[in-house]
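Novice: Sequence first, predicted coordinates after that:
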Amino acid sequence: MLRDPILASRIEGGQPVPLLVWRADGPLRAVSSGPLGGGVGVRRWVLNATVPMSYDRDDPAAHLAALAADLALDGPGVGLLTGVDVTEVVARTDSGVRAWVTVGLGTPVPAAAPAAGALTQRVGTVNIVVYVPARLADSALVNAVATATEAKTQAIGELGLPGTGTPTDAVTVLCPVDGPDAAYGGPRSTWGAPLARAVHAAVRAGGERPVVPWSDRLTG
């Protein structure tokens, strides 16, 4: 089981900067596109850390590993970064599937937009963390990432924004290590359907309220 996230903080530039920490009761199967702990494997925790919109470190995995060590997070985990205040996390539950989303949609871009100028706008980040209470096969884990992404894109479209996401969005899906494999994670599957609904509801709710980048809070 993945517990509700705990709010922690670190001091940078003399200011407290927030982090969200999810701890599991035991090892979980996971798939993630995060800079730390990405790929498919067993993970024990998830960290979502606020950073300034000007963040330009070229070693995000090492940075996240250092933050995890400061928090005494043991074993393998997943690390995510975002320019928004993670205290604004939105949680939704549907049929046992739990989704937590931090939503930064300053300027979403179409996935197939021309490269020129696509990264010069204030794009923000949407980080999605999902717990499914049934063991998913590797193929279903990958399919669940696609389903979460489709649900996010649906919500962005309903918000009237002309994009599919931001270039730095990340998705993490976790599930138990034991039990029979659920073979499918698509949007009409047993677990993919509630996953899609939970992610869609969370992204939609997060996108409907103004989100101030953390760096703006410090200077505002």
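Specialist: Ah, there it is. Numbers count the residues shown, from 1 in each chain.

Novice: Now for Ser139: which residues touch it?
Specialist: Residues near Ser139 by C-beta atoms under 8 Å, 6 or more residues apart in numbering: Ala183, Tyr184, Gly185. C-betas here are computed from N, CA, C, even on glycine.

Novice: Quick check: of those, which lies closest to Pro162?
Specialist: Gly185 (28.1 Å; C-beta to C-beta).

Novice: distance of that closest one from Glu158?
Specialist: Relative to Glu158, Gly185 is positioned 22 Å away (C-beta to C-beta, to the nearest Å).

Novice: Neighbour count: the two, which is higher?
Specialist: Gly185 (28 against 13; other C-beta atoms under 10 Å).

Novice: List phi and psi for that one.
Specialist: The phi/psi pair for Gly185 (degrees, to the nearest 10) reads phi -130, psi 10.

Novice: Walk me through the regions of this structure where pLDDT falls short of the threshold, as ranges.
Specialist: 116-123, 211-220 (pLDDT under 70).

Novice: Distance from the longest strand that the chain contains to the middle of the chain?
Specialist: What stands out as the longest strand in the chain, according to DSSP state E, is strand 15-32. Distance, stretch centre to chain centre, for strand 15-32: 10 Å (C-alpha atoms, centre = their mean, to the nearest Å).

Novice: mind checking how far the closest residue to Val86 other than its chain neighbours is from Thr87?
Specialist: Of all residues not flanking Val86 in the chain, Leu20 sits nearest, at 4.6 Å (C-beta to C-beta, 6 or more residues apart in numbering). According to C-beta to C-beta, Leu20 stands 8 Å off from Thr87.

Novice: Kindly report the same for Gly14.
Specialist: 19 Å.

Novice: again with Thr149
Specialist: 25 Å.

Novice: if you count what's nearby, which of the two comes out ahead?
Specialist: Thr149 (20 against 13).

Novice: hang on, that one packs against Thr166?
Specialist: No: using C-beta atoms under 8 Å, Thr149 is not in contact with Thr166, being 11.9 Å away.

Novice: Good, we can wrap up now.
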